[in-house]
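**Student:** would you be able to build a 3D model of this:
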Amino acid sequence: MKITNLDTVVVDFYRTNLIFVRLSTDAGITGVAEATLEGQEHAVIGAVGVLADAVRGKDPARISQTIYELNRDAYWRGGPVSMTALSALEMAMWDVSARALDVPVHRMLGGKVRDRVRAYANGWFSGASSPEDFADAAVQTVAQGFRGLKWDPFEAADLTLKPGDLQRMLEPVAAVREAVGDDVELFIEGHGRFDVPTAIRVARELEQFQPVFFEEPCPPDGIEALIEVRSKSPVPIAAGERWFGRNTFVPVLARHAVDYIQPDVTHAGGLLELSFISTLAAAHYIPFAPHNPSGPLSTAATLQLGAALPNFRYLEIMATDVPWRSDISNEQLRLTEEGDVLIPDGAGLGIELDYDAIAEHPFTPHPMRIFTDSVADIRPPDARSYFNLERSQAGAGTTA
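**Tutor:** From the prediction side, this is the model:
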């Protein structure tokens with residue numbers, strides 16, 4: 001079996017455009033993967049085109065060799081664009097290889113450790129502005145089945161905060177905690193906003209709400225600040241979504257910079273690289289909680305890791321999405337009443353794309369909004385749930 005082509009398909013997804021990568025072979029087996037990189041869609045498409053020229057004629061089952069040689073032969077290594085393209089190629093090769101054997105990818109990664117993973121919801125708060133809005137949205141999301149909620153309450157904050165602004169920004173956190181009670185886990189996102197003293201001050205104020213973690217409290221381009229924040233924070237610290245490859249994660253773990261590690265399978269190197277990073281984290285007893293706010297193929301790949309990695313702790317996932325998410329693929333996610341997502345057993349990554357439905361939602365430019373007042377507006381007003389609620393099987397399997 002040989003690779004005949006590698007190309008991309010783009011679909012508008014409201015706050016970004018999803019980039020799907022297709023790996024075609026002369027055996028008629030096509031593998032798919034996701035290469036979504038907000039604000040850099042055209043650059044990623046170009047990078048995938050470069051990889052296409054390099055992999056035509058290669059055996060798609062020789063995953064390790066191909067990725068090693070592509071890394072070795074690249075004069076400019078790393079970075080979000082090239083690593084996102086390379087990650088997607090790697091995932092698509094796994095998809096082809098597993099489809100050829102008619103098994104799910106997790107069978108090739110060592111088999112299942114569990115049948116389900118604990119999920120926490122992102123995107124549930126879209127459109128909320130007042131503490132009451134956040135509380136109402138939180139209650140509705142918990143009623144849907146989620147037992148974990150994540151969001152960034154810090155608006156357009158940049159490096160520092162006035163004391164009054166911090167207290168105002170924490171009012172929705174207090175309202176959500178009161179509305180959902182102590183049994184629902186809260187995850188507070190920082191998006192790399194703060195300098196060291198501000199991040200420490202924010203962490204100390206967050207302690208009263210008992211979050212599972214405070215994510216990316218300071219910019220991701222150096223670990224010294226993160227180490228300093230963690231040394232003084234009364235709440236656990238998480239980071240990793242904007243790091244690429246094992247060479248970045250090794251010093252982070254060795255120097256105890258985080259309590260939870262969060263690589264993204266679409267950026268950090270793909271399935272095998274995340275498996276390796278997970279093993280590094282396990283050696284330090286650090287739980288693995290990968291970043292996953294994207295589309296069906298990113299989620300499918302992350303679920304394969306959730307099946308096979310012992311220290312996989314949490315699955316990040318969007319609670320609602322654009323109405324056409326259910327149209328563009330055969331994704332069938334099942335959410336239990338305990339807040340777990342069941343791991344599917346389809347061949348490969350288990351996802352088939354509907355290219356006619358994708359064509360109805362062409363590329364649309366979307367500006368990055370991390371430092372604007374619209375940062376919370378990440379889903380359209382007509383966003384809807386795309387989950388099948390599992391009630392009859394809620395007691396089966398092993399909970400992550």
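
**Student:** and Glu185, how far from Thr36?
**Tutor:** 26 Å (C-beta to C-beta, to the nearest Å). Every C-beta, even on glycine, is put in place using the N, C-alpha and C of the backbone.

**Student:** between those two, which one's more packed in?
**Tutor:** Ranked by neighbour count (other C-beta atoms under 10 Å), Glu185 and Thr36 place Thr36 first, with 25 against 19.

**Student:** was I right to think the more buried one contacts Gly295?
**Tutor:** Yes - the pair Thr36 / Gly295 is scored as a contact, 6.4 Å apart, by C-beta atoms under 8 Å.

**Student:** what touches both of the two?
**Tutor:** Common neighbours of Thr36 and Gly295 are listed as 13, 18 (criterion: C-beta atoms under 8 Å, 6 or more residues apart in numbering).

**Student:** now the residue most central in space within the chain, what are its backbone angles?
**Tutor:** Closest to where the C-alpha atoms of the chain average out (C-alpha atoms, centre = their mean) is Asn292, at 1.2 Å. Per-residue torsions, Asn292: phi -160, psi 70 (degrees, to the nearest 10).

**Student:** again, but for Ala300
**Tutor:** phi -60, psi -40.

**Student:** now swap in His284 and tell me
**Tutor:** Dihedral angles for His284 - degrees, to the nearest 10 - are phi -100, psi 10.

**Student:** same check on Ile358?
**Tutor:** Here is the backbone geometry of Ile358 (degrees, to the nearest 10): phi -60, psi -40.

**Student:** mind jotting down where the strands sit in the chain?
**Tutor:** Using DSSP state E, the strands assigned to the chain run over residues 3-12, 17-25, 30-34, 116-122, 148-151, 185-189, 213-215, 237-239, 260-261, 315-318, 333-336, 340-342, 387-390.

**Student:** now do the helices in the stretch 251-400 of the chain.
**Tutor:** Assigned helices in the stretch 251-400 of the chain, in chain order: 271-283, 296-308, 355-359 (criterion: DSSP state H, counting those that start in this stretch).

**Student:** dump the second one to CSV, restricted to CA.
**Tutor:** Extracted as CSV, the C-alpha positions of helix 296-308 are listed here (Å, rounded to 0.1, in the frame of the first residue of the first chain):
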residue,chain,number,x,y,z
PRO,A,296,-15.0,15.7,15.3
LEU,A,297,-11.7,14.4,14.1
SER,A,298,-9.7,16.0,16.9
THR,A,299,-12.2,14.6,19.4
ALA,A,300,-12.0,11.1,17.8
ALA,A,301,-8.2,11.1,18.0
THR,A,302,-8.2,12.3,21.6
LEU,A,303,-10.7,9.6,22.5
GLN,A,304,-8.4,6.9,21.1
LEU,A,305,-5.7,8.2,23.5
GLY,A,306,-8.3,8.2,26.3
ALA,A,307,-8.9,4.6,25.7
ALA,A,308,-5.2,3.6,25.9
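
**Student:** tell me what that helix is packed against?
**Tutor:** strand 30-34, helix 80-101, helix 105-108, strand 116-122, helix 271-283, strand 315-318 (3 or more C-beta pairs under 8 Å, 6 or more residues apart in numbering; DSSP states H and E).

**Student:** which one of those lies closest to Ala308?
**Tutor:** For these, the distance to Ala308 is smallest for helix 105-108, at 4.7 Å, taking C-beta to C-beta.

**Student:** buried residues of the closest one, list them for me.
**Tutor:** Judged by neighbour count using 16 or more other C-beta atoms under 10 Å, the buried positions of helix 105-108 are 105-108.

**Student:** dump those residues to TSV, plus distance to Asn311.
**Tutor:** Formatted as TSV, the buried residues of helix 105-108 follow (distance: C-beta to C-beta, whole Å):
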residue	distance to Asn311
Val105	18
His106	15
Arg107	20
Met108	19
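
**Student:** which one among the residues you listed gets closest to Val229?
**Tutor:** Closest to Val229, out of all of those and judged by C-beta to C-beta, is His106, at 34.8 Å.

**Student:** residues in contact with the residue lying closest to the closest one once chain neighbours are set aside?
**Tutor:** Nearest non-adjacent residue to His106, counting by C-beta to C-beta, 6 or more residues apart in numbering: Ala307, 3.8 Å away. With contact set as C-beta under 8 Å, 6+ apart, Ala307 has these partners: 104, 106, 109, 111-115, 117, 343.

**Student:** try 10 Å this time
**Tutor:** Ala307 is in contact with 104-107, 109-117, 343-345, 400, counting by C-beta atoms under 10 Å, 6 or more residues apart in numbering.

**Student:** now these: which count as buried?
**Tutor:** Neighbour counting by 16+ other C-beta under 10 Å classes 104-107, 109, 112-117, 343-344, 400 among those as buried.

**Student:** of those residues, just say which sits nearest to Thr279.
**Tutor:** Thr279 lies nearest to Leu109 out of these, by C-beta to C-beta, at 11.7 Å.

**Student:** based on its surroundings, how many neighbours for the closest residue to the closest one other than its chain neighbours?
**Tutor:** Excluding the flanking residues, the one nearest Leu109 by C-beta to C-beta, 6+ apart is Ala308, at 4.0 Å. As a burial measure, Ala308 scores 23 neighbours (other C-beta under 10 Å).

**Student:** go on, Ser82?
**Tutor:** 21.

**Student:** quick one, what contacts the nearest residue to Pro380 once chain neighbours are set aside?
**Tutor:** Once flanking residues are discounted, Pro380 sits nearest to Tyr14: 5.1 Å by C-beta to C-beta, 6+ apart. Neighbouring residues of Tyr14 by C-beta under 10 Å, 6+ apart: 126, 321-325, 361, 364, 366, 377-380, 382-383.

**Student:** which of these count as buried?
**Tutor:** Using 16+ other C-beta under 10 Å as the burial test, the contacts of Tyr14 include 126, 321-322, 324-325, 361, 377-380, 383 as buried.

**Student:** got a markdown table for these, with distance to Pro220 and pLDDT too?
**Tutor:** Listed next are the buried ones among the contacts of Tyr14 as a markdown table, based on distance: C-beta to C-beta, whole Å; pLDDT from 0 to 100:
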| residue | distance to Pro220 | pLDDT |
| --- | --- | --- |
| Ser126 | 24 | 91 |
| Asp321 | 26 | 97 |
| Val322 | 27 | 97 |
| Trp324 | 32 | 98 |
| Arg325 | 28 | 98 |
| His361 | 30 | 98 |
| Asp377 | 23 | 84 |
| Ile378 | 20 | 86 |
| Arg379 | 24 | 90 |
| Pro380 | 28 | 92 |
| Ala383 | 28 | 94 |
